[in-house]
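Student: All I have is the shape, not the residue letters:
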């Protein structure tokens, strides 16, 4: 295929923050930059009424040409269809942003220019942001500049567009191709079909929640004033709330995070007035309302929300990342499904005050319910059961655990949380109680990727495991060998400041549990060490090395991890640490906190986590063509779950069967899926 690199400059009165599809409905194209191989870039000035250049027209009509864009699949080509009626086949769309994400590189064009060291004459014009604000974004009065009002800046704008295309072509030629083969592009095309299909939204429910939230916010503000004698105008003022309760009641809180507030609300020694203020704070800061507003602002005119998933957007692993209302980050419901179903009727009917003094918890629990089936269809939903735990055991060749999964799937054995607790504490899994199973769940989530006491604490808090009660239980139940080892190690942890503020016996209990879990999982524990060894060898002498089922090698400045599917995890600019750098190796990537391209330190367990999540992603994504062929139209994916629209005669059992069929490269990996049919999305 011959290439033509393209870029659009566009205008719409709709903010791009409301999503491409909402934006595109009222968009117009101002400039179209394009470039053929071995030719300088050109610009078609549409805003000034120029006809389409003959060479561009010929290339678009020639099926031998593929158009290359940066974020073109999710933006430019969507706008083209709405604004100019040009509908390019997905097979003729290539996307350097997705290609960059697929190799763990940043998504923005300017950042890629810096990372890939594109020469200055071909780098993205740094004046571009000002020009975009001038010509592509309405000012606060709704006005926008044009080629007539700012002719000199318009010339700069045209040149900016031309340089963008030059930069795009240069970047495309410098990007690796390891994860951009025919199979990758086919999955990318299907992903775009799903993004353009969109999901049907109950806008009536979303609007009712926004209206109710505004009413609740006004009530909360009045309540905050009342509880503080007018000192506070809102419980959303974090520092002011902390200062008030310290001054008036002598109560010191480390923060006002959700977990801290919920824990203190159950403290019998806390003054009731402080509890009341914290309850108002909790109600005032629920994030679900922002999601309802994002939904309403982004839904297309036909009631469907599109463009919610970014293919390979999680650059470490290649998993989906969320866009717009962030479907990968939906709060877990705290109410039962029966309460949610009744609550939805109450919200839409305007009678929540008959059921709740504070409806904020209900609105948070109802968020999934805005996703509904199209008329005449149903939602068929299924997710892969404990997929990360299964993949980790498979990659590490932890045979007892794989067999336990197989026996559970066949209905002959206990679930894996019971099995893990039993093996860690040396008891029969069939005798594990409900509370002990919860401990097993925390162990599964916290320990698999070389997690220690800190990781255990994080998940224990999420799943409400009382650590002091757990410590008492551990001293009675666990093999004394692990308690002795943990007690002997305690002084070292204390000296290094690594006890996480825990009482001595509580820390020793958690450390003993960690040691017992690792002893119960010898293959996984070995897998962490083997991973670090394989990486060190690859970076030291460029050799190819295997850890579990992952193959590590060095390609130029990249450390690569070849997954069983054939896809690579990529670690750019990888190197071994210096003497004063405590880690297994260092590479360059997007810092998840600063959102800047920076040095990142990592260790074997984290690389095992990356590999496990990536393999889970490959299993999920490779099932997509089979699911679609079976008559299930995928509308969205949330973590390890598919939400599909299907005819009324389709069943969740059929979808489960497809998802639980392992790909050819993982035939001995035990998979299981669970699903349901519904008119409205919910958490099972």
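Tutor: In hand now; what should we look at? Worth saying up front: this structure is predicted, and the values here are computed from it rather than measured.

Student: Buried residues in the least confident helix or strand in the chain by mean pLDDT, which are they?
Tutor: Lowest by mean pLDDT, DSSP states H and E among the helices and strands of the chain is helix 258-265, with a mean of 81. Residues of helix 258-265 classed as buried by neighbour count (16 or more other CB atoms under 10 Å): 261, 264. Bear in mind the C-beta positions are built from the backbone N, C-alpha and C, glycine included.

Student: Helix or strand next in line after it, which one?
Tutor: Proceeding N to C from helix 258-265, the next assigned helix or strand is helix 272-284, under DSSP states H and E.

Student: now that next one and helix 258-265, what's the angle there?
Tutor: Counting by axes from the mean of the first three to the mean of the last three CA atoms, to 10 degrees, helix 272-284 lies at 150 degrees to helix 258-265.

Student: Just list what helix 272-284 packs against, helices and strands only.
Tutor: helix 203-227, helix 238-249, helix 258-265, helix 360-365 (3 or more CB pairs under 8 Å, 6 or more residues apart in numbering; DSSP states H and E).

Student: Least reliable of those by average pLDDT, please.
Tutor: Among the helices and strands packed on helix 272-284, helix 258-265 carries the lowest mean pLDDT, a mean of 81.

Student: other SSEs contacting that one?
Tutor: When contacts are defined as 3+ CB pairs under 8 Å, 6+ apart, helix 258-265 packs onto helix 272-284.

Student: Give me the contact list for the helix it packs on.
Tutor: Counting contacts by CB atoms under 8 Å, 6 or more residues apart in numbering, the residues outside helix 272-284 that touch it are 216-217, 220, 223-224, 227-228, 234-236, 241, 244-245, 248-249, 251, 256, 258, 261-262, 264-265, 358, 360-361.

Student: and with 7 Å instead?
Tutor: Outside helix 272-284, the residues that touch it by CB atoms under 7 Å, 6 or more residues apart in numbering are 216-217, 220, 223-224, 227, 234-236, 241, 245, 249, 251, 256, 258, 261, 264-265, 358, 360.

Student: Could you pull out the helices in the stretch 301-450 of the chain for me?
Tutor: Under the criterion DSSP state H, counting those that start in this stretch, helices of the stretch 301-450 of the chain are mapped to 337-349, 360-365, 387-396, 399-409, 416-425, 434-447.

Student: between those helices, which gets nearest to residue 613?
Tutor: Taking CB to CB, helix 387-396 is the member of the helices of the stretch 301-450 of the chain nearest to residue 613, at 6.6 Å.

Student: So what touches that closest one?
Tutor: In this structure, residues lying in contact with helix 387-396 by CB under 7 Å, 6+ apart are 401-402, 405, 416, 444, 448, 523-524, 527, 548-550, 611-613, 615-616, 619, 640, 666, 669-671.

Student: repeat for stretch 634-654
Tutor: Stretch 634-654 is touched from outside by 194, 197-199, 308-309, 320, 327-328, 330, 371, 373-374, 377-384, 387, 616, 620, 624, 627-628, 630-633, 655, 675-677, 681, with contacts defined as CB under 7 Å, 6+ apart.

Student: ChimeraX command to pick out the buried ones of the residues you listed?
Tutor: Entered in ChimeraX, the line below selects the buried ones among these, by 16+ other CB under 10 Å:
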select :194,198,199,308,309,320,327,328,330,371,373,377,378,379,380,381,382,383,384,387,616,620,624,627,632,633,655,675,677,681
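
Student: Now intersect the contacts of stretch 634-654 with the strands, please.
Tutor: 199, 309, 320, 371, 378-384, 633, 675-677 (DSSP state E).

Student: Among those, which one sits closest to residue 212?
Tutor: residue 371 (18.9 Å).

Student: any idea how far the residue lying closest to residue 354 once chain neighbours are set aside lies from residue 20?
Tutor: Ranked by CB to CB, 6 or more residues apart in numbering and with sequence neighbours excluded, the top spatial neighbour of residue 354 is residue 346, at 7.2 Å. Computed as CB to CB, to the nearest Å, the residue 346 to residue 20 distance reads 34 Å.

Student: what do you get for residue 423?
Tutor: From residue 423 to residue 20 the distance is 49 Å (CB to CB).

Student: So for those two, which residue has more residues nearby?
Tutor: residue 20 (28 against 21; other CB atoms under 10 Å).

Student: shouldn't the more buried one be in contact with residue 74?
Tutor: Yes - between residue 20 and residue 74 a contact is recorded at 5.9 Å, counting by CB atoms under 7 Å.

Student: and for those two, which residues touch both?
Tutor: residue 307.

Student: The residue minimising distance to the centre of the chain: what's it in contact with?
Tutor: Taking CA atoms, centre = their mean, the centroid of the chain lies closest to residue 321, which sits 4.0 Å from it. The contact partners of residue 321, by CB under 7 Å, 6+ apart, come to 310, 313, 314, 328.

Student: In contact with the last one, which residues?
Tutor: This points to residue 328. Residue 328 neighbours (CB under 7 Å, 6+ apart): 320, 321, 322, 638, 639.

Student: Repeat the analysis, applying 10 Å as the threshold.
Tutor: 308-310, 313-314, 319-322, 636-639 (CB atoms under 10 Å, 6 or more residues apart in numbering).

Student: In space, what's closest to residue 259 - neighbours in sequence excluded?
Tutor: Closest to residue 259 by CB to CB, 6+ apart is residue 461, at 5.5 Å.

Student: Which helix or strand contains the one you found?
Tutor: Per DSSP H and E, residue 461 falls inside helix 453-462.

Student: How about residue 538?
Tutor: Applying DSSP H and E, one finds residue 538 within helix 522-541.

Student: Direction included, what does the following helix or strand past that helix pair up with?
Tutor: Following helix 522-541 in sequence order, the next helix or strand is strand 545-547 (DSSP H and E). Under the criterion DSSP bridges, strand 545-547 sits next to strand 550-555 (antiparallel) in its sheet.

Student: can you list contacts of the strand it pairs with?
Tutor: By CB under 10 Å, 6+ apart, strand 550-555 touches 176, 178, 395-396, 527, 530-531, 533-546, 559-564, 568-571, 574, 607-608, 610-612, 614-615.
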